[in-house]
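Participant: Just to be clear, the model below is a prediction. Sequence and coordinates:
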Number of protein chains: 2
Amino acid sequence: MGSYLPSENDFSEQFNTTRTTVRRALEELIREGYIVKEHGKGSKVLERSKFLGLLTVKGFYESSDFKVRTVVTKEPKITQWDPIIEFPLTEEERNSECVYFQRVRYIHKNAVVLENNWYSLHALEPIKSEEFVEGSFFKTLSQEYLIEITGSEQEFRAVRALEEVAKNLGIAVGDPILQICIRFRTSRSGLNLYGNLYCNTADYPIRNSYFL
Amino acid sequence: MGSYLPSENDFSEQFNTTRTTVRRALEELIREGYIVKEHGKGSKVLERSKFLGLLTVKGFYESSDFKVRTVVTKEPKITQWDPIIEFPLTEEERNSECVYFQRVRYIHKNAVVLENNWYSLHALEPIKSEEFVEGSFFKTLSQEYLIEITGSEQEFRAVRALEEVAKNLGIAVGDPILQICIRFRTSRSGLNLYGNLYCNTADYPIRNSYFL
DNA sequence: AAGTGGTCTAGACCACGCG
DNA sequence: GCGTGGTCTAGACCACTTT
């Protein structure tokens, strides 16, 4: 913590690769908030504030201070698209049914995020939650289907919690809540994952970082 | 709109540069939400939804449908650091005074964002708002001081609007509001810019995108 | 087969920080 | 001066899409 990583040249020698490739790897660490680069000095390892909840494009990840536990509250089932999705669907998606499921993310004993997810049936079969690798949908996609997340678009809004959200997150109806609408793009052509997240940011704000 | 850009090879020929460099430029367009890449097909130009407010690491930018107008509501002045800043200051920053100013961002006639900004006096002199190039603080840094934004970290929270925020944004006290705490890192060593933004997302959600 | 983006190697030069 | 990260050239090979 507060110390510096080996230099890019050191890494490229050590792993028999080029600086370009090392830099690509470091960019990932930067985006996830683990390091910052300092021109002329090196890559500094950051202290992780213990009250921070974190979001990456691939979902949530754990800081060293807490683990995110996920509970599936609605099993994946085939249904119609929900107009709450903020992104325009492709024609193939509109003409297909979709798979919908719902999860709640916990930190310690606290429900922090209620997450709705959809994807188009034309691009990917339904996956039961029992089949989730280590309980993770994204890990399942990666390991069982060789599908990777290639990017995402997110819309942030502050809204008042409605009944369902309030109940799941243990807050009052009308409390301010952070709504994040996400479209994940994937390495499988035609497959997008849509998410609608309600985050109780009172204790765990959502963090994003960006470099270059 | 909906059409494709010339290929990366075309661009690299046309501008006498390499594909690597072209790809870096395209990454910028991706992050700002102008294009998406489709493997094997090309770089697709996106339609811009007209109700979208957008945020990049460099501040706000305009979609084709509206311009963001900025009004300085509190002139830059030298003061003490405000504990509302969510990020740990460096020792040099803590030991220095800071420059603080406040702006309101308008879209059409609507006040949409109230923005507080701070930076450390030890790293940059005070800049009067009359000196802002085209009214923009970031443009001033870039053009007059050769300081570029190299990255940022953002924390998102949904909160209730307090008096000052409500008054400036024309909403009621207690209404849900999106608070974004930002630290911008810059190419000038030791200079960070801190921001505390209150966004009325009712009509203009904040958008982010990410690739690779 | 041809064209696209995705990834990688190899190497150069520059700007910044520090002793 | 030297080591660091920042940027760029030049070129290779692969995976995906379309014809």
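Facilitator: Done, it's in.
Participant: Residues of chain A that sit close to DNA strand C?
Facilitator: Contacts of chain A with DNA strand C, taken as C-beta under 7 Å from any atom of the strand, map to A:16-21, A:24, A:38-41, A:150. C-betas here are computed from N, CA, C, even on glycine.
Participant: Make a PyMOL selection of whichever of those turn out to be buried.
Facilitator: In PyMOL, this line selects whichever of the residues of chain A next to DNA strand C come out buried by 16 or more other C-beta atoms under 10 Å in any protein chain shown:
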select buried, chain A and resi 150
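Participant: out of the residues of chain A next to DNA strand C, which are inside helices?
Facilitator: If you go by DSSP state H, the residues of chain A next to DNA strand C have A:19-21, A:24 in helices.
Participant: Beyond the helix or strand A:Ile78 falls within, next helix or strand please.
Facilitator: Per DSSP states H and E: A:Ile78 is located in strand A:68-79. For strand A:68-79, the following helix or strand on the C-terminal side (DSSP H and E) is helix A:91-94.
Participant: what separates the following helix or strand past that following helix from the chain centre, distance-wise?
Facilitator: Counting by DSSP H and E, the next helix or strand C-terminal to helix A:91-94 is strand A:98-107. With C-alpha atoms, centre = their mean, to the nearest Å as the basis, strand A:98-107 stands 12 Å off its chain's centre.
Participant: One more: stretch A:73-91?
Facilitator: Centroid displacement of stretch A:73-91 relative to its chain, using C-alpha atoms, centre = their mean, is 18 Å.
Participant: what about it and DNA strand D, any contact?
Facilitator: No - using C-beta under 7 Å from any atom of the strand, stretch A:73-91 never reaches DNA strand D; the gap is at least 12.0 Å.
Participant: So what would you say the end-to-end distance of that stretch is?
Facilitator: 29 Å (C-alpha to C-alpha, to the nearest Å).
Participant: Now that stretch: buried residues?
Facilitator: A:73, A:76, A:81, A:85-86, A:89.
Participant: again, but for stretch A:173-180
Facilitator: For stretch A:173-180, burial by neighbour count (16+ other C-beta under 10 Å) applies to A:175-180.
Participant: circling back: need the residues of chain A next to DNA strand C in a markdown table (columns: distance to DNA strand D and pLDDT).
Facilitator: Below are the residues of chain A next to DNA strand C laid out as a markdown table (distance: C-beta to the nearest atom of the strand, whole Å; pLDDT from 0 to 100):
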| residue | distance to DNA strand D | pLDDT |
| --- | --- | --- |
| A:Asn16 | 15 | 95 |
| A:Thr17 | 12 | 96 |
| A:Thr18 | 9 | 97 |
| A:Arg19 | 6 | 97 |
| A:Thr20 | 5 | 96 |
| A:Thr21 | 11 | 96 |
| A:Arg24 | 10 | 93 |
| A:Glu38 | 6 | 92 |
| A:His39 | 4 | 93 |
| A:Gly40 | 4 | 93 |
| A:Lys41 | 6 | 94 |
| A:Thr150 | 11 | 86 |
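Participant: Any stretches of chain A with poor pLDDT?
Facilitator: Applying pLDDT under 70 to chain A flags residues A:1, A:48-66, A:212.
Participant: Please enumerate the strands of it.
Facilitator: For chain A, the strands defined by DSSP state E occupy A:35-38, A:42-45, A:53-56, A:59-60, A:68-79, A:98-107, A:110-120, A:149-160, A:176-186, A:192-199, A:206-211.
Participant: Next, format these as TSV and append distance to B:Ser12.
Facilitator: Below are those laid out as TSV (distance: least, C-beta to C-beta, whole Å):
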stretch	distance to B:Ser12
strand A:35-38	27
strand A:42-45	29
strand A:53-56	31
strand A:59-60	35
strand A:68-79	42
strand A:98-107	39
strand A:110-120	35
strand A:149-160	22
strand A:176-186	24
strand A:192-199	29
strand A:206-211	24
